[in-house]
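Student: sequence and predicted structure are below.
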Amino acid sequence: MIFKKVRGVSNNWLFLCFSLLLVACAQTADSRNTSTQEDLKGADNLRSSTGEKYDNYEIVTVLPRDAIQAIDNPQFIALEEANETYDDDELILGVEFNGDARAYSIPLLSSHEIVNDTVGGIKLAVTW
Amino acid sequence: MYAREVEDRELTFGVSGKLIRNVLVMYDRQTESLWSQLLGESVAGDMQGTKLEFLPSWHTTWGQWKEMHPETLALRKGFRGGRDPYVGYYQSNSAGVIGETFRDDRLATKEFVIGVEIDGTAIAYPFRVLSSEQMVNDTVAGQDILVVFYRQNGTGVVYDRRVGDETLSFEISSENPFTLRDLETGSTWNALTGQATSGKMAGSSLERIKSTIVFWFGWKDFHTDTLVYGLDIS
């Protein structure tokens, strides 16, 4: 899912975790003299503009960088093993290049947003 | 899905923690530029203005995918189990973190659409409308396109329906819902891969067009003048 989201209603720990991060993030931006986190580099304003052509696209900082961790070294399993952890009706993003086919579980992508991968020789970013 | 080789340079992307109109902004670790996922374009930093090459992918179920590709690999799980942490988010009516930028009540906030943009013309195909039509032969900004949708898998694929000099019109085969037939030559086509499987066109394939499966609120915030298939046009 391409929306970054902090759930309005949720009973899992992530919500709490993100809420705390949001607070931390807002505080850092509001009071400039608090600890300047490397993570927030470039985010000296909570809301910043992008310049000329991109002026209409206001960028809002809601989490520190990498608070959601992209997958850089994805590991894969073959069909038989995958059948044990993937339900047949589970949503996936599939990609195929040069005979190399891969499935990425959407529930798992939701936790990571991005997978940096190479498929059939094509360097690609799976984004959700 | 985007190529991460840009101008002969290999980039790796991370999650910036920033949003534009509630939609993910990525950064690349090599230049620290910011990239809008929905635009597929860098919006800030050294790479500003650079576009990412769109790569076709399939949004479908594991069951369907392994039937299409019995040799497929699958991303190993194990980090956090399989539960989608956004389940509550899909169901709630709120539009993302920062609220909607533009109000547009033509569709429900969290209704899924397939978004297509061609030469500045944006159009949204609501899942709701596609559920009954399944396939649309359309023309957007002068380009002849084909939208195919499978409700059971949530799979939506958009093709350029021009092959060579010929524009084809498609119907779904009465024998197999995943087989298309073109009215001009009677050839049959695999609806999911876009390849002609028999008839005069055998060996040809339809080119995928960039499309995004996206919530309505995100699409219309980026494309305020978007058309909505089934509402604005016939």
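Tutor: Yes, it's here. In this text, all values refer to a predicted model and were calculated from it rather than measured experimentally.
Student: surely A:Ala125 meets A:Ile114?
Tutor: Yes - under the criterion of CB atoms under 8 Å, A:Ala125 makes contact with A:Ile114 at 5.8 Å. Yep, even glycine has a C-beta here, placed from its N, CA and C like the rest.
Student: now for the two: what residues contact both?
Tutor: Residues within reach of A:Ala125 and of A:Ile114 at once, by CB atoms under 8 Å, 6 or more residues apart in numbering or on different chains, are B:Phe13, B:Met26.
Student: ends of stretch B:128-138, what's the gap?
Tutor: Start-to-end span of stretch B:128-138 (CA to CA, to the nearest Å) is 17 Å.
Student: pLDDT at the nearest residue to B:Lys210 once chain neighbours are set aside, what is it?
Tutor: Distance criterion CB to CB, 6 or more residues apart in numbering or on different chains; nearest residue to B:Lys210, sequence neighbours excluded, is B:Phe54 at 4.2 Å. Here, the pLDDT recorded for B:Phe54 equals 93.
Student: how close does B:Phe54 get to chain A?
Tutor: 10 Å (CB to the nearest CB, to the nearest Å).
Student: mind listing what that residue touches?
Tutor: Here B:Phe54 is in contact with B:Met1, B:Tyr2, B:Gly40, B:Lys210 (CB under 8 Å, 6+ apart).
Student: so which of these are in strands?
Tutor: Among these, the members found in strands (DSSP state E) are B:Tyr2.
Student: what is the nearest of the contacts of B:Phe54 to B:Glu71?
Tutor: Checking those against B:Glu71 with CB to CB, the nearest one is B:Met1 at 19.5 Å.
Student: averaged pLDDT, the helix or strand that contains B:Met26. What do you get?
Tutor: Secondary structure from DSSP states H and E places B:Met26 in strand B:23-28. Here strand B:23-28 scores 92 as its mean pLDDT.
Student: how does chain B divide into domains?
Tutor: According to automatic domain parsing, chain B comprises the domains B:5-44, B:112-228.
Student: deepest of these, which one?
Tutor: domain B:5-44 (a mean of 21; mean count of other CB atoms under 10 Å in any protein chain shown).
Student: can you get me the start-to-end distance on that domain?
Tutor: 18 Å.
Student: do that domain and chain A meet at all?
Tutor: Yes - Domain B:5-44 comes into contact with chain A (CB under 8 Å from any CB of the partner chain), by way of B:5, B:10-27, B:32, B:34, B:36-39, B:43-44.
Student: give me the phi and psi angles of B:Thr60.
Tutor: Torsion angles at B:Thr60 (phi, psi; degrees, to the nearest 10) stand at phi -160, psi -170.
Student: so it sits against B:Gly156, correct?
Tutor: No - between B:Thr60 and B:Gly156 there is no contact under CB under 8 Å: 9.5 Å.
Student: beta partners of the nearest residue to B:Arg106 once chain neighbours are set aside?
Tutor: Spatial nearest neighbour of B:Arg106, chain neighbours left out: B:Val228 (5.3 Å); criterion: CB to CB, 6+ apart. Beta bridges link B:Val228 to B:Ala124 when assigned by DSSP bridges.
Student: tell me how far B:Val228 lies from chain A.
Tutor: On the measure of CB to the nearest CB, B:Val228 and chain A end up 19 Å apart.
Student: quick one: pLDDT of that residue?
Tutor: Confidence at B:Val228, expressed as pLDDT, is 95.
Student: before we move on, the earlier item: next SSE downstream of the strand holding B:Met26?
Tutor: Next helix or strand after strand B:23-28 toward the C-terminus (DSSP H and E): strand B:34-36.
Student: and the helices in chain A?
Tutor: Ranges of helices in chain A, per DSSP state H, are A:13-30, A:79-85, A:106-112.
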